[in-house]
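Visitor: structure for the following, please:
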Amino acid sequence: MKDPLVLLYTNEELTKIYKEDTPNWYDYNAIETINSQRFVSIAQTKFKNGEEGWLTTQDNLSARKYVYDSHFKPNVSERDKAEIWNTDNANTLILVHEACNNPQSFETILAKDNNWEFFPYIEKASQRWEIKFSDEARKSIFGQFQTLKFDSNTMRIHMLLKTIHNTKYHKSIISSKGKGKHVYYEGIKDDTLDMVVEVAKNGLNEQAGKCLIHAERA
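Guide: This is a model prediction of the structure:
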């Protein structure tokens, strides 16, 4: 059975890693990589005798990096893990992972119906952005979000999708620009985000984003 204090510390670090408004101020490659024994030692030091013990900044960062690394499969490169960390995309990674593994998520439904990889695809800025928007997708969105701008019967589908995606992922997934009486929509062009989606789909273990301590890694 896992030490409950170690699990508590793991959950604390998970919150710091995946909280979207907490930037990583330290470069991933500048932080020491530690093994499971060292992680347990740090956790036990933190809660020594039932009180918070003193840890160095390097201890805290190394432990956080260990928890972060434990969620990836071996096929994910150090370069990709570093880029996700350094660009503060860990939260996005977990949100995409959870959506991809939920067949009822609005992202999964829309991607399947419209043949998107994951995020809405707009080949070029378009006033006539064609979208297949099923009742199932509508139900999924309004089952998850309550908005002041839209009700469940709205026909402003383009603006709804822009608002929902940009709000959930804290990024400009879809942009819009008025030109005369018309509104043109455009999709984001971001190689890092494309990589994040690929890793979220194929590079994370089943417990990603949850409390998990792996056995000693080779």
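Visitor: what domains does the record give for the chain?
Guide: The domain map for the chain lists 1-75+207-218, 97-192, with the assignment taken from automatic domain parsing.
Visitor: what's the longest helix in this protein?
Guide: Across the chain, the longest stretch assigned as helix under DSSP state H is helix 4-18.
Visitor: tell me which residues of that helix are tucked away?
Guide: 6, 9-10, 13-14, 17-18 (16 or more other CB atoms under 10 Å). All C-beta atoms are positioned from the backbone trio N, CA, C, and that covers glycine.
Visitor: hmm, back to that, now the weakest link among the domains of the chain, please, by mean pLDDT.
Guide: Note on these: domain 1-75+207-218 shows the lowest mean pLDDT, a mean of 77.
Visitor: which element is the residue nearest the centre of the chain on?
Guide: Centrality entry for the chain: nearest residue to the mean C-alpha point is T92, 2.3 Å, by CA atoms, centre = their mean. If you go by DSSP states H and E, T92 is part of helix 90-100.
Visitor: S176 too?
Guide: Counting by DSSP H and E, the element that carries S176 is strand 174-179.
Visitor: quickly run through the sheet partners of that strand, with directions.
Guide: strand 182-187 (antiparallel) (DSSP bridges).
Visitor: helix or strand right after the strand it pairs with?
Guide: helix 191-202.
Visitor: distance from the chain centre to stretch 187-197, please.
Guide: 12 Å (CA atoms, centre = their mean, to the nearest Å).
Visitor: on that earlier part again, other SSEs contacting the longest helix of the chain?
Guide: Helices and strands touching helix 4-18, as assessed by 3 or more CB pairs under 8 Å, 6 or more residues apart in numbering; DSSP states H and E, comprise helix 36-46, helix 57-69, helix 90-100.
Visitor: burial of the closest residue to Q104 other than its chain neighbours, as a residue count?
Guide: With CB to CB, 6 or more residues apart in numbering as the criterion, Q104 has its nearest non-adjacent residue at 5.9 Å, and that residue is S140. Residues near S140, counting by other CB atoms under 10 Å, number 19.
Visitor: would you confirm that S140 contacts D113?
Guide: No. The pair S140 / D113 is not scored as a contact, 11.4 Å apart, by CB atoms under 8 Å.
Visitor: circling back: any idea which of the helices and strands packed on helix 4-18 is most buried?
Guide: helix 90-100 (a mean of 21; mean count of other CB atoms under 10 Å).
Visitor: related to what we said a few turns ago, could you dump the domains of the chain into a markdown table with distance to E198 added?
Guide: Shown next, in a markdown table, are the domains of the chain (distance: least, CB to CB, whole Å):
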| stretch | distance to E198 |
| --- | --- |
| domain 1-75+207-218 | 11 |
| domain 97-192 | 9 |
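Visitor: quick one, which of these is nearest to W85?
Guide: domain 1-75+207-218 (4.1 Å; CB to CB).
Visitor: near G180, how many other residues are there?
Guide: G180: 6 surrounding residues under other CB under 10 Å.
Visitor: H182 against Q127, yeah?
Guide: Yes. In this structure, H182 is within contact of Q127 by CB under 8 Å, at 4.9 Å.
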